[in-house]
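Participant: Make a model of this:
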Amino acid sequence: MLAFTIQDGRRATARRSVNGLLCPVNGGVSVKIPAHPTHLSKGDRRLMKRWLKAVLSTVFLLGVLVLVGITVTIGWRPVIGPKARPLTDRRFEPTPARLERGAYLVKNVAACLFCHSEVDPSVPGLPVKAGMAGSGRTIAAEEMPWLTATNLTPDPETGVGRWTDDMLARAIREGIGHDGRALFPFMPYVNYRKMSDEDLASVITYLRSLPVVRRENPPSDVPFPVNRLINSLPEPVEGSVPEPDVSTPEKRGEYLVTIASCSDCHTPRNEQGQYLPGMEFAGGNILKYVGAREPRAAANITPSPSGIPYYNEALFIEMFRTGKVRGREISDLMPWGHYRGMTDEDLAAIFAYLKTLAPIDHYVDNAMPVTPCPRCNIPHGGGERNKSNDGR
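Facilitator: I've put the predicted structure just below:
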């Protein structure tokens, strides 16, 4: 065994003892360290076993607590990756009807080109720049410079020309990129989950028809830990999604509002990006296009007195067609310039559905100074006029 001799409390030297016996060295202090547990006394061995058992039990308990904590809070998807179904070899037959329907959905209802194209801020309505339709862009103007909307044109090198139909389908409705990663939910795949199979086929048919644009966009680089947390969002679409029930204007409007992702802007969110419960379509989210537009709060579009009770169907349609309400300009951060291509029938159906919403008292007025809002906790025009949920 080894013996350490401590000299004057400052340094230590090692000596080997004979038969476990040590002698004082020049007034130093000798410390005996057993080289193997078998040299310990029975009492010391029992003490060591109890100590090891306690340590192992503590480590095991901490491990269990960590496992349970992850399971009941964020779940395991941030660690193991998103839930994704295997790709299939399905292919959507391109037909004239699908091409026409797909063009209508992409350009006017889902407004895909508003995010997936460079737009011209010098023109009211933020139209797509000529020759850039579907070629992708970074989302820097919306203060997410780390996010890129994919080039959707059929270019095989920089676009989706080498993607299969099912890769596109899985990305659009299930939030899984062609490389298996979870897409950031700025791409509203949670809403598109309700897109019917036939509308999905139509969208993909139209995307295949876009003029090829060779445009190399930087890959998205979602910051940590958000890049892990979004793994919990994608969900495979199990089975087929039938055609929506459009038997009444209200039901037709509900489907259109979902595909148009109206709630993404018009329902306020908390700091974690989750919808505030009880505030559906009540407005308050701040919309931005840095360098080209002043920030604006999304309007309350419920039938509440603080919403749009003064709208009638004709005024609603006129607003989308012109970007104005009785002469007052509407910010094109609400992309009326892309939605105005919808038919009168579809816009009327959207209005019919909005009238069925629960009225929510939430005052939002972009003509007023920006003040803290106790109702949605988002500073916006007229915010101080609102009361918190507890009435204070």
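Participant: Point to the helix or strand of this protein where mean pLDDT is at its lowest.
Facilitator: Lowest by mean pLDDT, DSSP states H and E among the helices and strands of the chain is strand 2-7, with a mean of 43.
Participant: Poorly predicted segments of the stretch 51-200 of the chain, please.
Facilitator: Low-confidence regions of the stretch 51-200 of the chain, defined by pLDDT under 70, span residues 63-77.
Participant: That one: strands as residue ranges?
Facilitator: Taking DSSP state E, counting those that start in this stretch, the strands of the stretch 51-200 of the chain run over residues 137-139, 144-149.
Participant: Show me which residues of the longest one are buried.
Facilitator: Looking back up the chat, that one is strand 144-149. Going by neighbour count (16 or more other CB atoms under 10 Å), the buried part of strand 144-149 is 144, 146, 147, 148, 149. In this view, the C-beta of every residue, glycine as well, is placed from N, C-alpha and C.
Participant: now the second one: how far from residue 274?
Facilitator: Spelled out, it's residue 146. From residue 146 across to residue 274, the span is 20 Å (CB to CB, to the nearest Å).
Participant: Please report the distance of residue 153 from residue 208.
Facilitator: The gap separating residue 153 from residue 208 is 9 Å, by CB to CB.
Participant: With neighbour numbers in mind, choose between these two.
Facilitator: The neighbour count for residue 153 versus residue 208, taken as other CB atoms under 10 Å, is higher for residue 153 (25 against 19).
Participant: Give the helix, strand or coil label for residue 216.
Facilitator: Under DSSP: H, G, I helix; E, B strand; the rest coil, the three-state class of residue 216 is coil.
Participant: residue boundaries of the helices in the protein?
Facilitator: 42-72, 77-80, 96-104, 112-115, 165-174, 189-192, 197-209, 226-229, 249-259, 262-266, 313-322, 336-339, 344-354 (DSSP state H).
Participant: Among the ones you listed, single out whichever gets nearest to residue 382.
Facilitator: Among the helices of the chain, the nearest to residue 382 by CB to CB is helix 262-266 (15.9 Å).
Participant: ok, and what's touching that closest one?
Facilitator: With contacts defined as CB atoms under 8 Å, 6 or more residues apart in numbering, helix 262-266 is touched by 188, 191, 257, 275, 280-283, 285, 287, 298-301, 334, 350.
Participant: Highest neighbour count among these?
Facilitator: residue 282 (30 neighbours).
Participant: who touches that one in this structure?
Facilitator: Shown in contact with residue 282 (CB under 8 Å, 6+ apart): 266, 267, 268, 300, 302, 304, 307, 360, 362, 364, 376.
Participant: and the fourth one, how far is that from residue 316?
Facilitator: The spacing between residue 300 and residue 316, counted by CB to CB, is 14 Å.
Participant: do the same with the second one
Facilitator: Noted for residue 267: a distance of 19 Å to residue 316, by CB to CB.
Participant: swap in the third one?
Facilitator: Distance of residue 268 to residue 316, given as CB to CB: 22 Å.
Participant: ok, now residue 222?
Facilitator: Residue 222 is 36 Å from residue 316, by CB to CB.
Participant: give the contact list for the residue lying closest to residue 225 once chain neighbours are set aside.
Facilitator: Distances taken as CB to CB, 6 or more residues apart in numbering place residue 78 nearest to residue 225, at 7.4 Å, with adjacent residues excluded. Neighbouring residues of residue 78 by CB under 8 Å, 6+ apart: 225, 228, 229, 231, 232.
Participant: Okay, buried residues for stretch 337-355 please.
Facilitator: Buried positions in stretch 337-355, judged by neighbour count with 16+ other CB under 10 Å: 337-340, 342, 346-355.
Participant: Just give me the closest of the residues you listed to residue 197.
Facilitator: residue 346 (19.9 Å).
Participant: can you pull the contacts of the closest one?
Facilitator: 109, 252, 253, 256.
Participant: again, 10 Å this time
Facilitator: 104, 108, 109, 246, 249, 252, 253, 255, 256, 260, 317, 339 (CB atoms under 10 Å, 6 or more residues apart in numbering).
Participant: right, and the last one touches residue 104 too?
Facilitator: No: the criterion here is CB atoms under 10 Å, and residue 339 misses it with residue 104 at 11.6 Å.
Participant: Next, show the common contact partners of the two.
Facilitator: When contacts are counted by CB under 10 Å, 6+ apart, residue 339 and residue 104 are jointly contacted by 110, 346.
Participant: Output the buried residues of strand 144-149 in a markdown table; the columns should cover distance to residue 198.
Facilitator: Shown next, in a markdown table, are these (distance: CB to CB, whole Å):
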| residue | distance to residue 198 |
| --- | --- |
| 144 | 32 |
| 146 | 35 |
| 147 | 30 |
| 148 | 29 |
| 149 | 25 |
